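Asker: quick one: sequence plus predicted model below, questions after.
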Amino acid sequence: MEAIEQARQQYYLDDAPTLSDAQYDTYYAELLALEGAYPLLVTSDSPTQTVGGARSEMFEPVAHLERMLSLDDVFDEAEFDAWVARVVKELGEFPTMIAEPKVDGLAVDLVYAEGTLRTCATRGDGRVGEDVTFNTSYIDSIPRTLAQPIPLLEVRGEIYFNLRQFNDLNDEVMAAGRSPFANPRNAAAGTLRQRIDRRQVELREVRAAAGAAPSARQQARIERLLAEQARATGALARLHFVSHGLGAHEGLTVATLSEAFDLLDGLGLPVSSEAAVVTSPEQVRAYIDDLGQRRRSLPHEIDGVVVKVDQIALQRRFGATSRTPRWAVAYKYPPEVVRTRLRSIEVNVGRTGRVTPFAIMEPVRVAGSTVTMATLHNPGEVARKGVLIGDTVLLRKAGDVIPEVIGPVVEARDGSERPFQMPTLCPVCRTPLGPEREGDADIRCPNARGCPAQVRERLHHVGTRAAMDIEGLGEKAAQALLDCALVTNEGDLFGVTEDDLLRCPFFTRAGRAGTAPQLTANAVALLAQLTQARTRPLSRVLVALSIRHVGPTAATALARAFGSLTAVRAATHAELAAVDGVGEVIAEAIVEWFAEPWRAAIAQRWLDCGVTAQEEQADAGLSQHLAGLTFVLTGTLPGFTRESAAEAVTARGGKVTGSVSKRTNWVVAGDNPGSKYDRAVALGVPVLDAAGFRALLAPDPTPPPAALPG
Ligand code: IVH
């Protein structure tokens with residue numbers, strides 16, 4: 001119990017947890033089990049009986065009009081089913097419920113009187129919280145006034161950071177030499193609970209005392225205060241608010257929570273676009289699964305799903321314990337940020353010679369898989385993160401699925417940790433390493449032609465999906481081709497024959513007694529794939545050549561402009577740079593590439609071995625009527641995959657980007673569109689549905705497709 005109390009204090013008051021969320025949950029479950037077995041031991045101040053996050057003395061107290069509750073957690077289907085069973089037992093049936101994301105932020109209580117914001121308070125002990133009204137004036141999504149002068153409205157919600165902004169903030173925190181925030185919740189709490197009003201007063205006082213001619217010391221102090229103020233208000237302005245409940249209210253009647261959300265929305269208060277009414281346990285499970293799948297593509301961190309009985313009369317009937325309602329439950333996903341020990345930092349030599357440090361950690365489960373390695377990008381990144389070998393580190397799965405070391409837990413150091421030293425020689429070919437140009441963050445092995453690691457990576461890259469898409473050319477096959485000297489580099493790949501493969505054990509299996517070895521099924525498939533790959537379009541060939549900066553986008557532009565590999569090779573710097581989407585840097589990289597005889601020989605060997613390297617005719621024939629238009633895609637479009645929709649746009653000259661801005665011409669919203677849709681509506685960017693999108697793809701899009709309402 002002391003461990004939990006201490007952890008709570010650190011979590012809620014100091015915004016600096018020492019236990020991970022998962023460890024806290026484990027302790028909490030142990031305490032619950034103990035108290036279940038020995039009910040007489042349960043004290044009224046036990047963490048199981050109170051709402052965490054008592055108040056600090058830093059802020060003025062504010063009494064909530066209605067008590068703010070916490071939530072009981074369930075961690076798997078069985079626990080969730082047990083909760084549903086209790087609800088159904090009480091009511092005789094499954095009531096309409098509402099499911100929402102459990103936003104990883106900080107609960108606050110807003111009180112509006114006559115439609116004007118009076119206070120914003122943290123949850124505190126559930127009855128009395130801390131007054132942070134002053135700070136919330138910097139948060140855009142908390143309206144000062146409501147659309148209607150409702151006599152009294154107490155709104156509960158979450159203050160949180162979007163992941164992008166959380167990462168930016170952590171970068172700033174680490175640049176200032178402090179430990180990063182472990183999660184967006186702590187970052188939100190730390191940002192909201194700053195006394196910027198005091199700093200303002202201090203600033204006024206120093207300025208008044210300094211008068212017209214401040215001393216150097218006074219000037220320095222003023223500047224420091226101004227910088228701190230700018231940092232604090234800048235961070236505050238990046239916070240968001242989303243409503244998730246209603247407290248006391250007068251002057252309006254609501255029968256259900258879903259009605260309340262519509263009402264709040266109409267008053268100008270943000271509500272979750274992900275909230276959904278569910279009418280069966282199956283629907284709840286489907287919601288939990290779906291959101292769990294999309295969890296990492298949401299703009300903000302979530303740690304679960306909150307499921308609530310929708311009818312307010314029923315909520316009253318269920319009531320609450322001393323800390324949690326019986327009518328709601330939080331289904332918690334497995335933790336996304338974990339701690340582990342950084343065993344060592346090693347380096348890896350990539351396709352372009354970049355030497356990348358990567359972390360080797362004690363194996364740890366995060367977001368559904370066991371992680372032991374994470375890239376650290378470059379030596380500057382290691383220094384910026386401030387990680388030492390032997391450190392306890394925070395680890396998470398960034399955006400998609402890539403594990404990322406967030407930073408060290410400085411408090412956990414015992415002095416045995418040591419700094420990482422970047423090697424001075426290539427670990428593979430022993431060539432001296434260095435930045436390519438002065439000031440480059442990346443360290444490279446300059447031996448592009450001979451470094452075995454670079455040759456292997458380039459060879460493997462030829463088979464990747466964005467390049468020639470040769471499924472059988474995995475890491476091991478690439479290594480085997482080199483080890484058996486069937487190829488000296490990627491130039492020889494398309495000359496590989498059946499006889500060649502038969503000479504390499506990786507591609508053969510023993511024949512029946514006495515007969516010669518035979519090709520494995522994989523090797524047969526590889527030969528067939530090589531044949532198919534010879535006719536891949538020029539854009540893919542350009543990607544496969546590993547020319548610096550030439551990725552799919554530049555390659556597509558080049559292919560469209562020049563049509564053949566020989567034409568690209570013959571083009572001058574000026575001709576290349578003039579292509580839309582190419583420019584000076586890429587043009588220079590291409591000219592340099594072909595000027596290097598051993599590289600030019602790779603391209604020539606491919607042509608000699610029957611690689612056609614022509615641009616597809618289909619694209620060339622399409623009308624380019626979307627040229628100059630920028631699209632953002634969101635949701636699932638019937639009849640399209642995300643890739644095919646994007647290709648349909650680019651094939652007609654348009655551009656697809658990932659985020660909505662005022663410069664976006666169209667947002668194409670399919671089923672279940674995400675926050676991009678909301679952003680489009682907010683910015684007034686026209687939104688197309690699938691039918692409108694199809695109409696726009698037609699060569700002569702008349703009449704102009706209608707934008708969706710909203
Ligand atoms: S409802 C009586 N809904 O989770 C219901 N809470 O672990 C109380 N939270 O204190 C809260 N997203 O800070 C609710 N959609 C959501 C939520 C949510 C995040 C937080 C909230 C609460 C904590 C409980």
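Answerer: Alright, I've got the coordinates.

Asker: give the contact list for residue 478.
Answerer: Applying CB atoms under 8 Å, 6 or more residues apart in numbering to residue 478 gives the contacts 456, 459-460, 463. Where you see a C-beta, it was placed from the backbone N, CA and C, and this is true even at glycine.

Asker: check residue 706 and give its pLDDT.
Answerer: Per-residue confidence (pLDDT) for residue 706: 42.

Asker: helix/strand/coil for the residue of the stretch 401-550 of the chain found nearest the ligand?
Answerer: As assessed by CB to the nearest ligand atom, the ligand sits closest to residue 406 within the stretch 401-550 of the chain, at 21.5 Å. State at residue 406, reduced to three classes by DSSP: H, G, I helix; E, B strand; the rest coil: strand.

Asker: neighbours around residue 315, how many?
Answerer: Number of residues near residue 315 (other CB atoms under 10 Å) recorded here: 19.

Asker: what sits closest to it if chain neighbours are left out?
Answerer: Computed as CB to CB, 6 or more residues apart in numbering, the closest residue to residue 315 that is not its neighbour in sequence is residue 327, at 4.4 Å.

Asker: ok so, going back, tabulate the contacts of residue 478 (CSV), appending secondary structure, distance to residue 355 and pLDDT.
Answerer: Below are the contacts of residue 478 laid out as CSV (DSSP: H, G, I helix; E, B strand; the rest coil; distance: CB to CB, whole Å; pLDDT from 0 to 100):
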residue, secondary structure, distance to residue 355, pLDDT
456, helix, 15, 97
459, helix, 19, 98
460, helix, 17, 96
463, coil, 23, 95
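
Asker: and the residue of the chain found nearest the ligand, how many residues sit next to it?
Answerer: Using CB to the nearest ligand atom, residue 107 is the residue of the chain that sits closest to the ligand, at 3.1 Å. Residue 107 has 24 neighbours, counted by other CB under 10 Å.

Asker: got the residues of the protein near the ligand?
Answerer: 69-71, 100, 102-103, 107, 123, 158, 244-245, 306, 325, 328, 330 (CB under 6 Å from any ligand atom).

Asker: residue 308 and residue 257 touch, don't they?
Answerer: Yes - counting by CB atoms under 8 Å, residue 308 touches residue 257, with 6.0 Å between them.

Asker: hey, what's in contact with both of these two?
Answerer: 98, 315.

Asker: who has more neighbours out of the two?
Answerer: Ranked by neighbour count (other CB under 10 Å), residue 308 and residue 257 place residue 257 first, with 24 against 21.

Asker: for that one, phi and psi?
Answerer: Note on residue 257: backbone dihedrals following degrees, to the nearest 10 are phi -70, psi -40.

Asker: list the contacts of it.
Answerer: Taking CB under 8 Å, 6+ apart, we find residue 257 in contact with 98, 245-246, 308-310, 312, 315.

Asker: need those in a markdown table with pLDDT and secondary structure, can you?
Answerer: Compiled in a markdown table, those are given as follows (pLDDT from 0 to 100; DSSP: H, G, I helix; E, B strand; the rest coil):
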| residue | pLDDT | secondary structure |
| --- | --- | --- |
| 98 | 98 | strand |
| 245 | 97 | strand |
| 246 | 96 | strand |
| 308 | 98 | strand |
| 309 | 97 | strand |
| 310 | 97 | coil |
| 312 | 95 | helix |
| 315 | 95 | helix |
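
Asker: just among those, which is most surrounded?
Answerer: Result: residue 309 is most packed of the contacts of residue 257 (other CB under 10 Å), 25 neighbours.

Asker: hmm, that residue is touching residue 87, no?
Answerer: Yes - taking contacts as CB under 8 Å, residue 309 lies within contact range of residue 87: 7.1 Å.

Asker: buried ones in the host helix or strand of residue 603, by neighbour count?
Answerer: When elements are assigned from DSSP states H and E, residue 603 belongs to helix 597-608. Judged by neighbour count (16 or more other CB atoms under 10 Å), helix 597-608 contains these buried residues: 599, 602-603, 605-607.

Asker: repeat for stretch 152-166
Answerer: For stretch 152-166, burial by neighbour count (16+ other CB under 10 Å) applies to 152-163, 165-166.

Asker: ditto for stretch 528-541
Answerer: 529-530, 533, 536-541.

Asker: TSV for these, including secondary structure?
Answerer: Listed next are the buried residues of stretch 528-541 as TSV, based on three-state DSSP:
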residue	secondary structure
529	helix
530	helix
533	helix
536	coil
537	coil
538	helix
539	helix
540	helix
541	helix
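
Asker: which one of those residues is nearest residue 584?
Answerer: For these, the minimum distance to residue 584 (CB to CB) is 20.5 Å, reached by residue 539.

Asker: doesn't residue 553 make contact with that closest one?
Answerer: No - shown here, residue 539 and residue 553 do not form a contact pair, counting by CB under 8 Å, at 9.4 Å.

Asker: residue 261 touches residue 271, doesn't it?
Answerer: Yes - contact between residue 261 and residue 271 holds when scored by CB under 8 Å: they sit 4.5 Å apart.

Asker: now do the shared contacts for those two.
Answerer: Common contacts of residue 261 and residue 271, defined by CB under 8 Å, 6+ apart, comprise residue 243.

Asker: the two: which has the busier surroundings?
Answerer: Shown here are residue 261 and residue 271; by other CB under 10 Å, residue 261 has more neighbours (23 against 20).

Asker: strands along the stretch 201-350 of the chain, start to end?
Answerer: 239-250, 276-278, 302-309, 328-332, 337-349 (DSSP state E, counting those that start in this stretch).
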